[in-house]
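Chemist: Task: produce atomic coordinates for the following.
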Amino acid sequence: MDQYIESSGVRIYLSDNTYTPREDSFLMYDCILEYFTGTNQPIVEIGTGSGFTIIQVCSKWTNLTNIATDISLDACLLTLKNAKTNRIDNLHIVRTDLCLPFRKGDHLSTVIFNPPYLPADPDTDGMMSESELHQLVGGKKGYEIANRLVNIENLSGSQILIIISSLSTNPVQFAKFHNTRNVQVIRTLHLGFETIWILLIKVMT
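Modeler: Below is the predicted model of the structure:
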């Protein structure tokens with residue numbers, strides 16, 4: 001039997017090969033509702049996974065055609081399935097690494113990214129499948145994939161909502177990596193052993 005979750009009237013089917021929505025996923029959507037209600041600019045979700053967040057965005061703002069990207073073919077196909085399940089026709093799905101195919105002049109106004117953010121751990125990584133590693137581990141220190149996105153030149157002029165974890169970095173340290181960017185903490189969630197933050201980063205032109 002297919003597993004699924006329901007949120008805001010949207011049904012999202014799940015797969016072992018894609019990230020299952022968790023507290024960070026719900027937190028990201030709450031931030032979008034708070035900061036971008038009434039937006040007239042499309043949202044681009046990087047690493048869409050099951051499509052949990054972007055499909056809810058598409059369902060709420062039917063006047064916008066949004067974009068979802070993922071490097072995983074399984075994730076793109078699952079997002080397509082979930083879009084069809086919810087009769088979403090205002091979403092383009094692109095299989096790619098981050099947002100590399102987009103040109104600098106494409107004006108990606110709002111970009112959201114819930115990246116894999118756990119640091120590599122030789123003691124436990126060997127017990128994970130390749131799919132789990134891609135979903136959870138963000139690099140040797142955990143923040144490398146998040147850094148790659150913020151540094152992509154074609155995001156000049158964009159605002160980025162991105163999640164980081166205390167298991168790999170913190171807002172002050174992350175801001176120092178990007179001292180030419182405007183970095184602001186807009187939400188904090190304590191999970192006992194871990195704290196996650198959603199940062200709003202405005203990339204200068």
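Chemist: only C-alpha atoms for contact and neighbour calcs from this point on.
Modeler: Noted.
Chemist: Go ahead and flag the most central residue of the chain.
Modeler: The centroid of the chain falls nearest to Phe113 when counting by Cα atoms, centre = their mean (2.5 Å).
Chemist: That residue touches Ile46, doesn't it?
Modeler: Yes: shown here, Phe113 and Ile46 form a contact pair, counting by Cα atoms under 8 Å, at 5.1 Å.
Chemist: mind checking how far the residue nearest to the centre of the chain is from Arg22?
Modeler: 14 Å (Cα to Cα, to the nearest Å).
Chemist: if we can go back for a sec, ok, now which ones touch the residue nearest to the centre of the chain?
Modeler: The neighbourhood of Phe113, defined by Cα atoms under 8 Å, 6 or more residues apart in numbering, consists of 45-48, 160-163.
Chemist: which intervals of the chain have sub-threshold pLDDT?
Modeler: By pLDDT under 70, the low-scoring segments of the chain are 1, 37-39, 103-107, 180, 204-205.
Chemist: any chance you could map the strands in it?
Modeler: 4-7, 10-13, 43-46, 66-70, 91-95, 110-113, 118-119, 137-139, 159-165, 182-190, 195-202 (DSSP state E).
Chemist: Compile these into JSON lines and extend it with columns for distance to Phe174.
Modeler: Converted to JSON lines, the strands of the chain look like this (distance: least, Cα to Cα, whole Å):
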{"stretch": "strand 4-7", "distance to Phe174": "31"}
{"stretch": "strand 10-13", "distance to Phe174": "32"}
{"stretch": "strand 43-46", "distance to Phe174": "19"}
{"stretch": "strand 66-70", "distance to Phe174": "23"}
{"stretch": "strand 91-95", "distance to Phe174": "27"}
{"stretch": "strand 110-113", "distance to Phe174": "15"}
{"stretch": "strand 118-119", "distance to Phe174": "15"}
{"stretch": "strand 137-139", "distance to Phe174": "14"}
{"stretch": "strand 159-165", "distance to Phe174": "8"}
{"stretch": "strand 182-190", "distance to Phe174": "9"}
{"stretch": "strand 195-202", "distance to Phe174": "10"}
